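Student: give me a 3D structure for the following:
(3 chains)
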Amino acid sequence: MPELPEVETIARVLRQHLLGQRLDGARLNAIARHGKALLFDFSGAITGRERLVARLGMTGTLRLNAAPDKHTQAVLQFDRDALVYSDIRKFGRLIWSNEPLHLGPDILALPAAELARRLSHRERAIKPLLLDQMLVSGLGNIYVDECLFAARIHPLTPASQIDAAALSQAVTSILEAAIAAGGSTISDFYDPLGRPGRYQEQHRVYGRAGQPCPRCRTAIVRTLVAQRGTHLCPSCQPLAQ
DNA sequence: ATTACTACCTGACAGC
DNA sequence: TGCTGTCAGGTAGTAA
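Tutor: Here you go, the predicted model:
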């Protein structure tokens, strides 16, 4: 599941525990996040490369000193701690690579004007466009729905009609609040110390079909947009004609 | 160039 | 108990 706030939560915990430790003789110098990708940069090459890229897919986890189980794909033994990578559905990837990331800009670091530029000439519906990691990276299905609700945008609105400044403000505010709460735990997400996130308690539309909209009390609706479960308030997020 | 759809993989859950 | 069908937060590949 991990989207930007969950990956940022993982990065912060791992920085506290792993920076400066060695793996196969190479020192871990930095842990960065770009969108949903985690980047581990080492001082020396391991298998010929100095960067390990983790993309966790839907169910990938990175746990410190956890007991490996049947879903464990890799164990990285550092000086003092072991980093255990597991992935039930095997959509994630752990790859040694010095290649530039094949990803659009991180959405938290993206100025509103640049978001506007990227949306202005697109006629596609805003939701699937925001899920396209080549356009902007970091949003997944949960936070897209939460951000579009916050910005009062219907997920099928053509991208060129979007008020990008308002959307950018909503994205920043939602993602920062989610990071502060340690991400969302629906079923699978736990940080490297095994702690769940708390932001699911603040979800306003995701997973709340049939419940009242927190702004106007209209029942939240669940529909399909681009084959993805999509949650919205039909009153706060009208589709303009 | 852009968009739409499918497949990948496992587990949880509902219904029978 | 156990079978079947459906669904899940991501993304790569293919085809229109």
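
Student: near DNA strand C, which residues of chain A show up?
Tutor: Chain A comes close to DNA strand C at residues A:1-3, A:6, A:36, A:55, A:57-58, A:89, A:91, A:102, A:131, A:133, A:140-142, A:184-189, A:228-229, as judged by CB under 7 Å from any atom of the strand. In short, each C-beta sits where N, CA and C put it, glycine included.

Student: chain A: helices as residue ranges?
Tutor: For chain A, the helices defined by DSSP state H cover A:4-18, A:112-120, A:126-130, A:141-150, A:164-180.

Student: check which residues of the second one are buried.
Tutor: Applying a neighbour-count criterion of 16 or more other CB atoms under 10 Å, the buried positions in helix A:112-120 are A:112, A:115, A:118, A:119.

Student: and for the longest one?
Tutor: Of the residues in helix A:164-180, those with enough neighbours to count as buried (16+ other CB under 10 Å) are A:164, A:167, A:168, A:170, A:171, A:174, A:175, A:178, A:179.

Student: so what's the fifth one scoring on pLDDT?
Tutor: What it means is residue A:171. pLDDT recorded at residue A:171 is 97.

Student: contacting residues for it?
Tutor: By CB atoms under 8 Å, 6 or more residues apart in numbering, the contact list for residue A:171 reads A:107, A:108, A:139, A:143, A:147, A:151.

Student: if we go to 6 Å?
Tutor: For residue A:171, the contacting residues are residue A:147, by CB atoms under 6 Å, 6 or more residues apart in numbering.

Student: how much space between it and residue A:98?
Tutor: To residue A:98, residue A:171 is 30 Å away according to CB to CB, to the nearest Å.

Student: also the first one?
Tutor: Spatial separation of residue A:164 from residue A:98 under the definition CB to CB is 34 Å.

Student: next: the third one.
Tutor: Separation of residue A:168 from residue A:98 (CB to CB) stands at 32 Å.

Student: one step back: of the residues of chain A next to DNA strand C, just the buried ones, PyMOL syntax please.
Tutor: Of the residues of chain A next to DNA strand C, the buried ones go into a single PyMOL selection, burial set by 16+ other CB under 10 Å:
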select buried, chain A and resi 1+2+3+6+36+55+57+131+133+140+141+142+184+185+188+189
